[in-house]
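Visitor: make a model of this:
(2 chains)
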Number of protein chains: 2
Amino acid sequence: MVDKNIDKQKIVIGIDIGGTNTTIGIVDFKDDLIFENSFLTKADEGEDTFTRLLIRQIKEAYSEFASTYILEGISIAAPSANYLTGIVESPANLKWGNVNFIELLKEHFQVPVVLINDANAAALGEQKIGVAKGMNNFIVLTLGTGLGAGIVVNGHLLHGENGFAGEIGHTIIEKDGRQCNCGRRGCLETYVSANGIKRTVVDLLCNYNDHSEFRKMDFENISSKLITELALKNDSIAIKAFEYTGEILGRALANIVAYFDPQAIILSGGLANANEILLEPTLKYFNKFLLNVYGGKVQLLNSNLQNGKAAILGACSLVSAKSNNTPINRDYLIEQDYIIFK
Amino acid sequence: MVDKNIDKQKIVIGIDIGGTNTTIGIVDFKDDLIFENSFLTKADEGEDTFTRLLIRQIKEAYSEFASTYILEGISIAAPSANYLTGIVESPANLKWGNVNFIELLKEHFQVPVVLINDANAAALGEQKIGVAKGMNNFIVLTLGTGLGAGIVVNGHLLHGENGFAGEIGHTIIEKDGRQCNCGRRGCLETYVSANGIKRTVVDLLCNYNDHSEFRKMDFENISSKLITELALKNDSIAIKAFEYTGEILGRALANIVAYFDPQAIILSGGLANANEILLEPTLKYFNKFLLNVYGGKVQLLNSNLQNGKAAILGACSLVSAKSNNTPINRDYLIEQDYIIFK
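Guide: Numbers count the residues shown, from 1 in each chain, chains lettered A, B, ... in the order given. Down below sits the predicted model:
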């Protein structure tokens, strides 16, 4: 029997599941993203609606490439992803129960499947093609609907004993602070995330009398993008919101440095698109709160990759590096670091 | 020439420099601590006074063993120790400048010398002979004059990019909180340490009218040992002090778990000698503040080793494992993990 696929080029499908949007990407073996499409996650409609939509979207995306490429594997980046089990476990910002994405995808596609925490995938992507190239000790914070963290120490992703290290979004930064979707109070992500800064805006509308465009808007229509735009137009509440976010983030980053002593901390995700508007106050408070021994030793960087691209490329690199059977040039891709469900 | 030393057994000298006491131990190659002696660090008298005293004490200790044993090396565990340079860099609780302990000891003793952070040494000791035996992901907190942390991930000590990871005592737990020796405010160690609980006692004397033995004492005469004793005698301020310390420590531990997802967190050092009196409130608040995904997965343990013993045995193991030239059974003892200055 002749293998019809022998001349076909290999591709990997990468999926980045976010609290608001889900992105499907197709990556070829030159690490080029040759296809990308996003759709609304609509987390409120439950996991079954989402998984049906996801399967349909993957099939649609792949249909364009099936005749000329061969699918090597699928890699899914998601919050609360347990890479050991292949299960997304009760994600705080998606309001789902446990979802076994490996089982689900293997029903529909007969290829190896990997599940990876979304922020871990972003960290791998930043190291592969982003600002963390060549770094062995760094942390990527994804400031989306929630706050995720991918932590690389000694060149390895930090997974912890049960695969749940790096829940920095759920460290308590304010005692008795804002209510969090996780059921507790004062978690970092209730302040520092796209959702967190929305909450800050309405808090400021309550505490200050400043004139602001936000006084004419529903809470639900406020977004981190809009807050950024209004900050650029000198809306005083928007500016105060970034100042407040920067103060909390700066203090959190100083704590992160005291734990990990990293070369760099990289901000990515929707809220990080504010660039200097967020970076400037963050850096001011970071330097104020940093223990002197770390002074001048840690870079605070903004990702220069489009949202979701780092996560998709990072996630896909896990499949391609393995299935390609070529020498692996990043030593964190050892067998025990990742479980590829074949 | 006949080597007179050929039949002599090898020993390693281990030194644990603490904010209050310094301990010298001698460990043989069966890992038995065959000698131990402590003296007051008297940090206020400056580094020169201390180093002169240290050299004298080491020589005195070794003189008893010199005729029957051969000295293989010296290992020093100290706060703010940079294992890469061999320098103790401006330790917050010792009020010294930089001290190059490697240079100092090599002047007097012609043997290999290792410098290791004291909490890292305690972590190695706990893994060798203590409650962390067989664990690959755990954290040791040393609650002495300050609060140190030794962090083991994937079987390796976490050093960070510059050798200064694990400064958990200097993470900010209370915004605008107590003044810290590091020059900032609200560091964890200003609350959770032998010194921290002293400060809590006087804070409680101010805020409550409870009758208490502490009302008859100078601040300087209060110690964590005394607070423990009075808590056992139902002194209401002492009991409240442990409750308050447990609340802050419990919250800090919940944050530590969210970063590292460890198997266990181990409490050691002077304040941890309070055992259940500290563990009980700590566990109560730890469970209250813990993110649900970690529920039931993390052990909170008390060290069962005498103060300083873990650090001395851990520090000595670095020298003995190398110089012994036997197979090394802990994979963190790879070349790049430690620099032995020969």
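Visitor: what is the distance between stretch A:215-230 and the centre of its chain?
Guide: Put simply, stretch A:215-230 sits 22 Å off its chain's centre (Cα atoms, centre = their mean, to the nearest Å).
Visitor: ranges for the helices of chain A?
Guide: A:47-63, A:101-108, A:118-129, A:194-207, A:224-232, A:236-260, A:276-289, A:309-323 (DSSP state H).
Visitor: so who does A:Ser38 touch?
Guide: A:Asn21, A:Thr22, A:Thr23, A:Ile24, A:Gly308 (Cβ atoms under 8 Å, 6 or more residues apart in numbering or on different chains). Every C-beta, even on glycine, is put in place using the N, C-alpha and C of the backbone.
Visitor: now do the residue lying closest to A:Thr23 once chain neighbours are set aside against chain B, distance only.
Guide: Leaving aside its sequence neighbours, A:Thr23 sits nearest to A:Gly308 (Cβ to Cβ, 6 or more residues apart in numbering or on different chains; 4.0 Å). From A:Gly308 over to chain B the distance is 24 Å, taken as Cβ to the nearest Cβ, to the nearest Å.
Visitor: got phi/psi on A:Leu291?
Guide: Main-chain torsions, A:Leu291, degrees, to the nearest 10: phi -60, psi 140.
Visitor: please name the nearest non-neighbouring residue to A:Tyr259.
Guide: Nearest residue to A:Tyr259, sequence neighbours excluded (Cβ to Cβ, 6+ apart): B:Tyr259, at 5.7 Å.
Visitor: okay, now that neighbour: neighbour count?
Guide: 24 (other Cβ atoms under 10 Å in any protein chain shown).
Visitor: with A:Glu126 instead?
Guide: Counted with other Cβ under 10 Å, A:Glu126 comes out at 29.
Visitor: contacting residues for it?
Guide: A:Ala132, A:Lys133, A:Phe138, A:Val140, A:Gly150, A:Ile266, A:Ser268, A:Ser303, A:Leu305, A:Ala310, A:Gly314 are the contacts of A:Glu126 under Cβ under 8 Å, 6+ apart.
Visitor: tell me the buried residues within those.
Guide: A:Ala132, A:Phe138, A:Val140, A:Gly150, A:Ile266, A:Ser268, A:Ser303, A:Leu305, A:Ala310, A:Gly314 (16 or more other Cβ atoms under 10 Å in any protein chain shown).
Visitor: if we check chain B, which of those residues are in contact?
Guide: Among the buried ones among the contacts of A:Glu126, no residue lies close to chain B (Cβ under 8 Å from any Cβ of the partner chain).
Visitor: which stretches of chain A aren't confidently modelled?
Guide: Within chain A, the segments meeting pLDDT under 70 span A:1-7, A:320-342.
Visitor: repeat that for 80
Guide: A:1-7, A:90, A:92-93, A:306-308, A:320-342 (pLDDT under 80).
Visitor: which residue packs closest to A:Gly246, ignoring adjacent ones?
Guide: A:Pro281 (2.7 Å).
Visitor: quick one: name the residues of the stretch 51-200 of chain A near chain B.
Guide: Going by Cβ under 8 Å from any Cβ, the residues of the stretch 51-200 of chain A near chain B are A:80, A:89-90, A:136-137, A:151, A:153-154, A:156, A:158-168, A:170-172, A:174-175, A:182-184.
Visitor: buried among these? Make that a PyMOL selection.
Guide: Here is the PyMOL command that selects the buried residues among those (16+ other Cβ under 10 Å):
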select buried, chain A and resi 80+89+136+137+151+153+154+156+158+159+160+161+162+163+164+165+166+167+168+170+171+172+182+184
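Visitor: in strands, which of the residues of the stretch 51-200 of chain A next to chain B fall?
Guide: Mapping these onto strands (DSSP state E) picks out A:Ile151, A:Val153, A:His156.
Visitor: kindly indicate which of those lies nearest B:Phe35.
Guide: A:Val153 (36.7 Å; Cβ to Cβ).
Visitor: bridging residues for that closest one?
Guide: For A:Val153, the beta-bridge partners are A:His156 (DSSP bridges).
Visitor: that one touches B:Leu157, doesn't it?
Guide: No: look at A:Val153 against B:Leu157 with Cβ atoms under 8 Å: they stay out of range, at 10.5 Å.
Visitor: pull the contacting residues for the residue in the stretch 51-200 of chain A that chain B sits nearest to.
Guide: Ranking the residues of the stretch 51-200 of chain A by distance to chain B (Cβ to the nearest Cβ) places A:Gly160 first, at 2.4 Å. Counting by Cβ under 8 Å, 6+ apart, A:Gly160 touches A:Gly166, B:Asn137, B:Val153, B:Phe260, B:Asp261, B:Pro262.
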